[in-house]
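Visitor: The sequence isn't on hand, but the structure is:
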């Protein structure tokens, strides 16, 4: 497999895992893989319908899936670490065949890559564990919905999916931690990725206050502005580093079409967060102006 670190903003980075291994001839798919394939086939069939409750479920479902944090999708792209995979990766490392990490050196200095990976692998682990428990607790509560005729038990299946999703995110993070702990990573700066970031057309979306939490803030690991050296308007805030247009250019440059949906989702989520932050700033500014105007009016009345 190959890992990609792609900064979305000056404080957020997408982790994506490209699976390079092809299933060996005669090898059996795991139960998890068979279930995923069946679910994907069913979902695609529902999407193809022009109307009906299946189409309605798909429409609402796709909206819900788009709102799942891109960090979770990134960790889910990393395969769970089985004992067989541990042996294979350790064996490959002994033969100088480590897992590649592709990153833009203009944005993430090489000596900071491990810190970024470690942060992404661990920052949400406690959250995923807590929500996994909530989903498991909610499953038996939602089970009676199955007694309603005709209508499928959507709440139950949603909780099952979210429980699986949180488990996969935890497992993906554990895999990355294993690679870091055992020095199984081969850091590969990518001139191709750097060229895409350098081709951005300013100005980019920005906000005076970061939209991240202290746990997820990568400002110390990400260079504030890549070449060409254009300082962001809010050095202490947050500035986008990728647009939707350049996200598509990135997937084309890397010849990685499956990355497009991950980048599109991540860029949309960060752009939305920045816009909301700016709306809050504007609302606060407007409120302050009204208060200042009210104070001036009051002072004028007293002066009269």
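Guide: Now that the structure is in, tell me what you want to look at. Source: prediction; values computed, not measured.
Visitor: pLDDT averaged over stretch 273-290, what's the number?
Guide: Taken as a whole, stretch 273-290 carries a mean pLDDT of 72.
Visitor: Quick one: the helices in this protein, in order.
Guide: Using DSSP state H, the helices of the chain run over 31-48, 53-67, 70-76, 83-94, 113-122, 125-142, 154-181, 191-198, 244-254, 259-303.
Visitor: which of those helices sits most buried?
Guide: helix 70-76 (a mean of 23; mean count of other Cβ atoms under 10 Å). (C-beta placed from N, C-alpha, C; glycine too.)
Visitor: I'd like the helices of the chain written out as a markdown table, with distance to residue 212 added.
Guide: Listed next are the helices of the chain as a markdown table, based on distance: least, Cβ to Cβ, whole Å:
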| stretch | distance to residue 212 |
| --- | --- |
| helix 31-48 | 31 |
| helix 53-67 | 17 |
| helix 70-76 | 11 |
| helix 83-94 | 31 |
| helix 113-122 | 11 |
| helix 125-142 | 14 |
| helix 154-181 | 18 |
| helix 191-198 | 20 |
| helix 244-254 | 20 |
| helix 259-303 | 9 |
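Visitor: out of those, which comes closest to residue 207?
Guide: helix 259-303 (4.3 Å; Cβ to Cβ).
Visitor: and of the helices of the chain, who's closest to residue 209?
Guide: Between these, helix 259-303 lies closest to residue 209; by Cβ to Cβ that is 5.9 Å.
Visitor: which ones are touching residue 143?
Guide: By Cβ atoms under 8 Å, 6 or more residues apart in numbering, the contact list for residue 143 reads 153, 156.
Visitor: And it, how far from residue 159?
Guide: For residue 143, the distance to residue 159 equals 10 Å [Cβ to Cβ, to the nearest Å].
Visitor: Pick out the residue closest to the middle of this structure.
Guide: residue 70 (2.1 Å; Cα atoms, centre = their mean).
Visitor: Now do the same for it: its pLDDT.
Guide: 95.
Visitor: and what of residue 52?
Guide: For residue 52, pLDDT reads 75.
Visitor: Measure how buried it is and give me the count.
Guide: 10 (other Cβ atoms under 10 Å).
Visitor: and the closest residue to residue 175 other than its chain neighbours, what is it in contact with?
Guide: Take residue 175 and drop its neighbours on the chain: the residue closest to it by Cβ to Cβ, 6 or more residues apart in numbering is residue 81, 4.1 Å away. By Cβ under 8 Å, 6+ apart, the residues touching residue 81 are 171, 174, 175, 178.
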